[in-house]
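**Student:** after the sequence you'll find the predicted model.
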Amino acid sequence: MNDDEMVAKYYQSQAKQQSSLTIKKIAPNCQQQQQQTPNQQSITKTGQSTKFKSPYSDLNSQNDSNHDTALTLACAAGHEETVKLLLMQGADIEHREKKGYTPLMLAATNGHEKIVDILIANNADIEAHTDRTKDTALSLACSGGRYEVVEKLLARGANKEHRNVSDYTPLSLAASGGYVSIINLLLSYGAEINSRTGSKLGISPLMLAAMNGHTETAKILLDRGSDINAYIETNKNTALTLACFQGRTEVVALLLERNANIEHRAKTGLTPLMEAASGGYVDVGKVLLNKGAEVNASPVPASRDTALTIAADKGHTSFVDLLIKHGANVDAKNKKGYSSLWLSCNGGHFEVVQSLINAKCDVDAQDNRKISCLMAAFRKGHIKIVKLMVRHVTQFPSDQEINRYLSICQEEELQKKVCICAGIIRFAKDRQAAEAFKNAANLLEEIDQERSREENRKAAAARRRERRKQKKKEKAGKNHQMDDNNSEYLRKMKKKKQKSRQIDEQHDRQVENLINQQQQQQQEQAKVDAVADTIMKIHQQQQNNDNKTDKMLNVNNNTNRTSIPTNNTKIQM
């Protein structure tokens, strides 16, 4: 319940008790004043108002608890006739109760538009504001969603850009409450949509709508041109970072659809995903990651924290699981060397520790002071986590570390838990030592067995070498005999080759002789043929001569046969 609602309820209860008493006191006075002559009456007409001066000093008296007068109570409770009567009697129209609210502010806060009309008609200060919050009647009406009152105040020229102490304009207050109709009304009267004029902080109506989860309001403001990436001057927060900080899933989805900067960093260095991780808003985280938010974005400059270390430190198991599913670095450390596991062990977040161990994180990680995750859980007395961690770690704190912390632990309840944790750790160390001894014995046995197997292998290898040597010797003897046989065989073959070569040479000589003989025969035949030709020629010549002789003999009738000798000479070859 906000201040305005509390004020309204208070005034309603007070008004019921005191307004009837006030009327009883004032009614006789009104009758007496109506019987007075005009000279006795002091009538002041200013526009639509008429005031009567009351001779009674208790008309503006105020109670001790809240400094209320009859008029403030009547305005808050909505008693129109009482308000009219009190104003006629000269009640102070600008009286301020304890919180600085005037009658007009009270009527506007509680949505009594008719009383607002009456007060404005009697020249109530429309721009008056509270001392503490600097809210005007219009600011209060917008904050409370009083559409009719806002409409009347705007029609009377109320300042639509007034800023209260929080730097909120009427439009900002309406956006903060998600009052769509009032927003449209203010915009129709020309209210500045980004509320930058005169702003000290730069808080826009869109930021307030987003922070308070008013999706429809945010949509209207975006449609009307609100700057989606505008940020507050002091802390650099945008509408998106504020929506993520408050876990406004629907607004986050809307802003991302309208291309809000998904990796914007506020002055704290946190991204929207880190803001969601801080609050553990899983649905917001899903929307951001599905829209491309970087799960391993560079850490916060000041602390070097990541989205995972933030979620783990706060114990948001579901958010941790979401980040791990999307590939978050489970071993990332912040500036102090705290890993996500270290922070969850220190904070006593058992389920987060389980998730991180299942994600294969470094269970033996230490911070900058060389304090391990197990030691962090031990120092805080988180028994359940210590029981889980001793089953996974490979390095245990020394007895000296454990005893030193036990000696300085003063809180009785914590000391009991720490002692239990110390016993768990020592038992685990003893068990680890026993297992190590057993493993060492098994290892020695395996070494002996391996040595025996090696010796057997060497002996077998020696036997194999000996057999190979024996085989080589036997083979060498056979080879020697074979070498002798081979030598004899080679000699025989050599002789055969020599004989064959001699035969070949002899054959070649015979062939050559035969060829020479053939050549000689051919030459002799040529000579014979030449001689034969010569003989044939001589024979032919002889025949020719004989023929001539015969002819001559025939002619001479053999007269000279005795005187011509016969040529019987033989030709000698």
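**Tutor:** That came in fine, so what should we check first? Since the model is a prediction, treat every value here as computed from it, not as a measurement.
**Student:** pLDDT score assigned to the spatially most central residue of the chain?
**Tutor:** Closest to where the C-alpha atoms of the chain average out (CA atoms, centre = their mean) is V295, at 2.5 Å. V295 is assigned 97 on the pLDDT scale.
**Student:** tell me which element it is part of?
**Tutor:** Following DSSP states H and E, there is no helix or strand that holds V295.
**Student:** avg pLDDT for stretch 547-556?
**Tutor:** Mean pLDDT, stretch 547-556: 66.
**Student:** kindly apply the preceding question to stretch 470-477 instead.
**Tutor:** 76.
**Student:** show me where this protein has its strands.
**Tutor:** Here the chain has its strands, by DSSP state E, at 43-46, 49-52.
**Student:** just checking, the residue nearest to the centre of the chain touches M274?
**Tutor:** No - V295 is beyond contact range of M274, at 10.6 Å (criterion: CB atoms under 8 Å). For every residue, glycine as well, the C-beta is placed using N, CA and C.
**Student:** what's the overlap in contacts for these two?
**Tutor:** Common contacts of V295 and M274 (CB atoms under 8 Å, 6 or more residues apart in numbering): A307.
**Student:** what about Q543, neighbour count?
**Tutor:** By the measure other CB atoms under 10 Å, the count of residues near Q543 is 10.
**Student:** again but with D283, I slipped
**Tutor:** 16.
**Student:** wait, what's in contact with it?
**Tutor:** The contact partners of D283, by CB under 8 Å, 6+ apart, come to G247, T249.
**Student:** and if you look at the one 4 residues further on?
**Tutor:** Taking CB under 8 Å, 6+ apart as the definition of contact, the neighbours of V287 are T249, V252, A253, L256.
**Student:** scan the residues you listed and report the most crowded one.
**Tutor:** Counting by other CB under 10 Å, V252 has the largest number of neighbours within the contacts of V287, with 31 neighbours.
**Student:** hang on, the earlier thing: could I get the contacting residues of the residue nearest to the centre of the chain?
**Tutor:** L273, L289, A307, L323, H326, G327, A328.
**Student:** now the buried members of those.
**Tutor:** L273, L289, A307, L323, H326, A328 (16 or more other CB atoms under 10 Å).
**Student:** how close does the first one sit to L323?
**Tutor:** Taking CB to CB, to the nearest Å as the criterion, L273 is separated from L323 by 9 Å.
**Student:** any common contacting residues for those two?
**Tutor:** Shared contacts of L273 and L323 (CB under 8 Å, 6+ apart): G285, V295, A307.
**Student:** what's the closest non-adjacent residue to S339?
**Tutor:** Of all residues not flanking S339 in the chain, A365 sits nearest, at 4.5 Å (CB to CB, 6 or more residues apart in numbering).
**Student:** distance to K438 and pLDDT added to the buried ones among the contacts of V295, as JSON lines?
**Tutor:** Formatted as JSON lines, the buried ones among the contacts of V295 follow (distance: CB to CB, whole Å; pLDDT from 0 to 100):
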{"residue": "L273", "distance to K438": "48", "pLDDT": "98"}
{"residue": "L289", "distance to K438": "47", "pLDDT": "98"}
{"residue": "A307", "distance to K438": "43", "pLDDT": "97"}
{"residue": "L323", "distance to K438": "40", "pLDDT": "98"}
{"residue": "H326", "distance to K438": "42", "pLDDT": "97"}
{"residue": "A328", "distance to K438": "38", "pLDDT": "97"}
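**Student:** so can I have TSV of those showing distance to T169?
**Tutor:** Conversion of these to TSV gives the following (distance: CB to CB, whole Å):
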residue	distance to T169
L273	31
L289	35
A307	34
L323	39
H326	40
A328	41
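**Student:** contacting residues for L222?
**Tutor:** For L222, the contact set (CB under 8 Å, 6+ apart) comprises L206, I228, L254, R258.
**Student:** by neighbours, which of those wins?
**Tutor:** Ranked by neighbours (other CB under 10 Å), those are led by L206, which has 30 neighbours.
**Student:** tell me the contacts of that residue?
**Tutor:** Counted by CB under 8 Å, 6+ apart, L206 has contacts A175, N194, A218, L221, L222, S226, D227, I228, A230, A239.
**Student:** gap between it and L242?
**Tutor:** Using CB to CB, L206 is found at 9 Å from L242.
**Student:** now swap in N194 and tell me
**Tutor:** Between N194 and L242 the computed distance is 15 Å (CB to CB).
**Student:** which of these two has more neighbours?
**Tutor:** Neighbour count, other CB under 10 Å: between N194 and L242, L242 has more, with 26 against 18.
**Student:** pretty sure that one is touching A210, no?
**Tutor:** Yes - using CB under 8 Å, L242 is in contact with A210, at 5.5 Å.
**Student:** what do these two both touch?
**Tutor:** With contacts taken as CB under 8 Å, 6+ apart, L242 and A210 have no neighbour in common.
**Student:** longest helix in the chain, please.
**Tutor:** Counting by DSSP state H, the longest helix found in the chain is helix 412-556.
**Student:** helices and strands around that helix, which ones?
**Tutor:** In this structure, helix 412-556 makes packing contacts with helix 373-379, helix 383-389, helix 399-408, judged by 3 or more CB pairs under 8 Å, 6 or more residues apart in numbering; DSSP states H and E.
**Student:** and with 6 Å instead?
**Tutor:** Contact partners of helix 412-556 among helices and strands, from 3 or more CB pairs under 6 Å, 6 or more residues apart in numbering; DSSP states H and E: helix 383-389.
**Student:** so where's this protein shaky on pLDDT?
**Tutor:** 1-57, 197, 478-486, 525, 528-529, 531-532, 539, 549-573 (pLDDT under 70).
**Student:** try 50
**Tutor:** Where the chain drops to pLDDT under 50, the residues are 4, 7-8, 11, 15-16, 19-57, 558-573.
**Student:** test my guess that E113 contacts R146.
**Tutor:** No - using CB atoms under 6 Å, E113 is not in contact with R146, being 7.5 Å away.
**Student:** got the contact list for N334?
**Tutor:** By CB atoms under 6 Å, 6 or more residues apart in numbering, the contact set of N334 is S303, R304, D305, T309.
**Student:** I'd like the distance between the closest residue to the third one other than its chain neighbours and K548.
**Tutor:** Counting by CB to CB, 6+ apart, N334 is the residue found nearest to D305 once chain neighbours are left out, at 4.7 Å. When distance is defined by CB to CB, N334 is 155 Å away from K548.
**Student:** then L73?
**Tutor:** Using CB to CB, L73 is found at 199 Å from K548.
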